[in-house]
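A.B. asks: I would like to see how this sequence folds:
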Amino acid sequence: MRRPKTQIYMIPNMGMSVDVFEGLVVTNKDFKQWYLPWFTPSDGETLESYAAKMLARVKHPKEGCILLGLGFGGILAQEMSKLANFKKIVIVSSYKSIYELSPQMKRIIVAQQFELIANKLLNNEDIRIEFLFGKTGLKNKDRFLRYFYNFDKVFFKWAIIEMLSWRQSEPIYGILHIQGALDGVLPINNIKNCIVVPNGTHALIPLKSTWFNEHLLNLIQGNPLQYNYEER
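C.D. replies: Predicted structure coming up:
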């Protein structure tokens, strides 16, 4: 009897549509990809409550599923993993604990000016694009703006505040973390135990989809990369 496919559910970065994964194709005879788009949170919604609602949208047995989260989607994937047992959690261009943040991000958190930061990002498109994609984002702005065709300002403000309020101090065991070597938003020198994508920036999925198509499934299955790489 043919074994069932492993289902890979993908969560985009903060406020983006699932089109950010347009170049990533991992469906084959053993795997099938699905998407978990964002939805507007309720008034006063906590990240834990939101994670539970998103979990309900996973239509397959959790033990046989893989969650892949990009950016803030990686944070949500980690929160969902606290509520159910998944086969594997993959985070991309994200972080596993507050200790992996850049000094600049840590200063923002210490200042506790979350709403001020959220409003600044909402009101300035260029700053928002740079925050979500790094400086590479401004060079590819016209392309990346397509990922916000149905931009939800309520969700985005909520997500910024929840991200800055996230206080994960210890990484969750067993996460597969993939990060760009040239990530300027979450610099690699602050991050431990990750697979490093050469020349990858914070816009890792849209600009390095070929790398993911070649290596992601091998990494998920526990196989090493087929070239020398730096593992931190």
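
A.B. asks: So in the chain, where's the weakest helix or strand by average pLDDT?
C.D. replies: When each helix and strand of the chain is scored by mean pLDDT, DSSP states H and E, helix 103-111 comes last, with a mean of 82.

A.B. asks: ok, and what's touching that one?
C.D. replies: If you take Cβ atoms under 8 Å, 6 or more residues apart in numbering as the criterion, helix 103-111 is touched by Ile98, Leu101, Ile117, Leu164, Leu186. Using the backbone N, CA and C atoms, a C-beta is placed for each residue, glycine as well.

A.B. asks: Selection in ChimeraX covering whichever of those are buried, please.
C.D. replies: Command for ChimeraX that selects the buried part of the contacts of helix 103-111, burial taken from 16 or more other Cβ atoms under 10 Å:
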select :101,117,164,186
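
A.B. asks: For the contacts of helix 103-111, could you give me a markdown table that also reports pLDDT?
C.D. replies: Formatted as a markdown table, those follow (pLDDT from 0 to 100):
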| residue | pLDDT |
| --- | --- |
| Ile98 | 92 |
| Leu101 | 91 |
| Ile117 | 88 |
| Leu164 | 90 |
| Leu186 | 95 |
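
A.B. asks: How many neighbouring residues does Lys96 have?
C.D. replies: The tally of other residues near Lys96 (other Cβ atoms under 10 Å) stands at 21.

A.B. asks: and what of Asn119?
C.D. replies: Asn119: 13 neighbours (other Cβ under 10 Å).

A.B. asks: So it: helix, strand or coil?
C.D. replies: Secondary structure, DSSP: H, G, I helix; E, B strand; the rest coil: Asn119 is helix.

A.B. asks: likewise Arg57?
C.D. replies: For Arg57, the assignment made with three-state DSSP gives coil.

A.B. asks: pLDDT at it, what is it?
C.D. replies: pLDDT, Arg57: 98.

A.B. asks: before we move on, the earlier item: so for the least confident helix or strand of the chain, what gets flagged as buried?
C.D. replies: Met105, Ile108, Ile109.

A.B. asks: go on, stretch 173-190?
C.D. replies: 175-180, 182-188, 190.

A.B. asks: Could you list which of those residues belong to strands?
C.D. replies: Members of those lying in strands (criterion: DSSP state E): Leu176, His177, Ile178, Gln179, Gly180.
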